[in-house]
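# Sequence first, predicted model second:
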Amino acid sequence: MGGERTGRPRSESAHAAILQAARELIVEIGYAKLSMERVATRAGVGKQTVYRRWTSKAAMVADVVLDRFGPVDPALPPYTDDVERDLRNWLHQQVRFLSSQENVALARALLAAAADRLEDADALYQQINRPHREELVERLRAAVEKGQLRENADLDAVADVITGAISFPLLTGSAAAPSIERADGLLDVIMFGVRAEDGDQS
């Protein structure tokens, strides 16, 4: 979606001001009420300065999020010998990340941008979600090899459940951010289904 820029930025300071203005407005009024015109006014630039960089609001929001978080943020914590501890640490990290009003607003805006322009949803996934999800699946695969998880466990499904449980409240517009207690309960349910039996562990 960042590829939708229609021209090379003529001013780095103007570009930074636009991104900051868009980020502030996303937090204040949300994606639905955001407009290129409002961003231009807040940034103190002309509308054409914004439209030269992005042809759509969705493309602009994608770049705002990438500028704020980068492509893989927050990352999976370092591996330990205990996959359950690693996943629990990762989920707790996600919960702390979503305790910020700004982070929640930007995450919701990104989901809305993907829904707004379905043709760009795959590009968003490749830029932001895919590296993170692949890292999670790789961690699960290492646990299978160590005999901690069942060999026939559907690792893609496990990754979908884990990441989906974090994003679902954002998709539904739930005011309540995921809690540590809920994350722990979620992981307990997942591990009950995929944990290797004692006799299967090496």
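That came through, no problem. Residues are numbered from 1 along each chain as shown.
# tell me what the worst-scoring helix or strand of the chain on mean pLDDT is packed against?
The weakest-scoring helix or strand in the chain, judged by mean pLDDT, DSSP states H and E, is helix 121-124 (a mean of 70). Packing partners of helix 121-124 (3 or more Cβ pairs under 8 Å, 6 or more residues apart in numbering; DSSP states H and E): helix 101-116. Every residue, glycine included, has its C-beta placed from N, CA and C.
# residues of the helix it packs on that come out buried?
103-114, 116 (16 or more other Cβ atoms under 10 Å).
# What average pLDDT does it get?
Averaging pLDDT along helix 101-116 gives 85.
# Then stretch 179-195?
89.
# mind checking how far it is from the chain centre?
Mean-position distance between stretch 179-195 and its chain equals 20 Å (Cα atoms, centre = their mean, to the nearest Å).
# what sits up against that stretch?
Applying Cβ atoms under 8 Å, 6 or more residues apart in numbering, the contact partners of stretch 179-195 are 84, 87-88, 91-92, 94-95, 148-150, 153, 158, 161-162, 165.
# was I right about Ser56 contacting Glu119?
No. With contact defined as Cβ atoms under 8 Å, Ser56 and Glu119 do not form a contacting pair (10.6 Å).
# Show me which of those two is the more surrounded one.
Higher neighbour count among Ser56 and Glu119: Ser56, with 16 against 8, using other Cβ atoms under 10 Å.
# What strand or helix carries Ala22?
Assigned by DSSP states H and E, Ala22 falls within helix 12-33.
# Give the next helix or strand downstream of that helix.
That would be, after helix 12-33 and using DSSP H and E, helix 36-43.
# quick one, domains of this protein?
Using automatic domain parsing, the domain parsing of the chain gives 2-69, 83-200.
# mean confidence for the first one?
pLDDT averaged over domain 2-69 equals 87, rounded to a whole number.
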